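In: Pasting a predicted model and its sequence here:
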Amino acid sequence: MSGTRRSYNDEFKRQTVKYIQEQTKTVAELAQELDIPAKTIHQWLGKYRQFQNEPVSSPEQTYELKRQLEEKDQTIARMAEEMEILKKAMHIFSNPKN
């Protein structure tokens, strides 16, 4: 299972991270293309990533996340209401009739 361990210089790692940041390829695609484990590339991202030229989030992403959060809040509220109904039903049907 073990092969020879490959090492890469810092410049190669920085160029790989820059390539990903320019959003020309995904980590998985690049990992497959370079025959490097995706986990290794993720580690490089953590070490060499620079945020100066990279937007933190776009307005579209923010809007979509807000919409998803509201949708989940509605689902949670609906499920809480259903649980309350079920609790009442269990209470009614679990009491022995006199």
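Out: Nice, I can see it. Numbers count the residues shown, from 1 in each chain.

In: Helix or strand for residue 70, just tell me which one.
Out: Take DSSP states H and E as the rule and residue 70 turns out to sit in helix 59-94.

In: Show me what counts as buried in that helix.
Out: The neighbour-count check on helix 59-94 (16 or more other Cβ atoms under 10 Å) flags nothing as buried. From N, CA and C alone the C-beta is placed, and that goes for glycine too.

In: buried set for stretch 8-25?
Out: Of the residues in stretch 8-25, those buried (16+ other Cβ under 10 Å) are 13, 16, 17, 20.

In: Give me the subset of those residues lying in helices.
Out: Members of the buried residues of stretch 8-25 lying in helices (criterion: DSSP state H): 13, 16, 17, 20.

In: Let me see the contact set for the third one.
Out: With contact taken as Cβ atoms under 8 Å, 6 or more residues apart in numbering, residue 17 is in contact with 41, 44, 45, 48, 49.

In: 10 Å instead?
Out: Shown in contact with residue 17 (Cβ atoms under 10 Å, 6 or more residues apart in numbering): 27, 30, 41, 44, 45, 46, 47, 48, 49, 50.

In: Quick check: the fifth one vs residue 8, distance?
Out: To residue 8, residue 45 is 14 Å away according to Cβ to Cβ, to the nearest Å.

In: And the first one, by the same measure?
Out: Distance of residue 27 to residue 8, computed by Cβ to Cβ: 15 Å.

In: quick revisit: let's test this: mean pLDDT of the helix holding residue 70, rounded?
Out: If you average the pLDDT over helix 59-94, you get 92.

In: what's the answer for stretch 9-29, then?
Out: Averaging pLDDT along stretch 9-29 gives 81.

In: With only the CA atoms kept, save that stretch in PDB.
Out: Taking C-alpha atoms only, stretch 9-29 is exported to PDB below (Å, rounded to 0.1, in the frame of the first residue of the first chain):
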ATOM      1  CA  ASN A   9       8.100  22.800  -2.900                       C
ATOM      2  CA  ASP A  10       6.400  25.800  -1.500                       C
ATOM      3  CA  GLU A  11       6.100  27.500  -4.800                       C
ATOM      4  CA  PHE A  12       4.200  24.600  -6.300                       C
ATOM      5  CA  LYS A  13       1.900  24.600  -3.300                       C
ATOM      6  CA  ARG A  14       1.300  28.300  -3.600                       C
ATOM      7  CA  GLN A  15       0.600  28.000  -7.400                       C
ATOM      8  CA  THR A  16      -1.900  25.200  -6.800                       C
ATOM      9  CA  VAL A  17      -3.700  27.200  -4.200                       C
ATOM     10  CA  LYS A  18      -3.700  30.300  -6.500                       C
ATOM     11  CA  TYR A  19      -5.100  28.100  -9.300                       C
ATOM     12  CA  ILE A  20      -8.000  27.000  -7.000                       C
ATOM     13  CA  GLN A  21      -8.600  30.500  -5.800                       C
ATOM     14  CA  GLU A  22      -9.000  31.700  -9.400                       C
ATOM     15  CA  GLN A  23     -11.800  29.200  -9.500                       C
ATOM     16  CA  THR A  24     -10.600  27.500 -12.600                       C
ATOM     17  CA  LYS A  25     -11.000  24.000 -11.100                       C
ATOM     18  CA  THR A  26     -12.400  22.500  -8.000                       C
ATOM     19  CA  VAL A  27     -10.200  20.800  -5.400                       C
ATOM     20  CA  ALA A  28     -11.400  17.400  -6.400                       C
ATOM     21  CA  GLU A  29     -10.800  18.000 -10.100                       C
END
